[in-house]
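Engineer: Okay, sequence plus prediction incoming.
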Amino acid sequence: CFPQAFPLPSLPRKQPTVLVVCGPAQNGAIGLVCARHLRVFDYEPTIFYPKRSPDPLFRDFTTQCEKMDIPFLSYLPTEVQLINDAYNAVVDAVLGAEPEVAEGREPCAAILATLKHIRIPIVSLDVPSG
């Protein structure tokens with residue numbers, strides 16, 4: 001199986017906005033790379049990355065996203081309707097198969113609690129976090 005990059009199916013609104021929610025481990029780094037690819041495919045990603053990794057590679061991915069003018073949210077709205085209205089889809093890059101990241105630990109638990117109520121499509125980069 002080879003990894004592939006491809007655009008999401010056409011989104012119904014004029015502005016194809018996507019919220020990329022990144023966790024602290026490897027799946028979060030993949031989310032940062034996903035946001036870069038979305039930008040290349042003319043989507044308008046926004047990243048929520050609350051617990052940034054000190055790993056140099058992860059910092060490089062963050063810098064690349066910043067240099068591509070991809071905005072970062074300082075907090076994830078708990079008012080789910082705000083997310084549903086602002087974005088056409090959410091990319092779940094919170095948790096993957098990494099055993100060192102526990103679903104019940106913060107900030108992941110609060111993020112997952114919010115994502116459970118989202119009504120727009122959620123695309124998981126690995127196994128679904130929730």
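Structural biologist: Perfect, thanks for sending it.
Engineer: Write down the beta-bridge partners of residue 72, one by one.
Structural biologist: In this entry, residue 72 is beta-bridged to residue 47, by DSSP bridges.
Engineer: which residues touch it?
Structural biologist: Shown in contact with residue 72 (CB atoms under 8 Å, 6 or more residues apart in numbering): 46-49, 65-66. C-betas here are computed from N, CA, C, even on glycine.
Engineer: could you point out where the chain is predicted with low confidence?
Structural biologist: Residues of the chain meeting the criterion pLDDT under 70: 1-15, 97-105, 127-130.
Engineer: for it, which helix is longest?
Structural biologist: Longest helix of the chain, by residue count under DSSP state H: helix 26-40.
Engineer: Just name whatever secondary elements it is in contact with.
Structural biologist: If contacts are counted by 3 or more CB pairs under 8 Å, 6 or more residues apart in numbering; DSSP states H and E, helix 26-40 sits against strand 17-22, strand 44-48, helix 56-67, strand 89-93.
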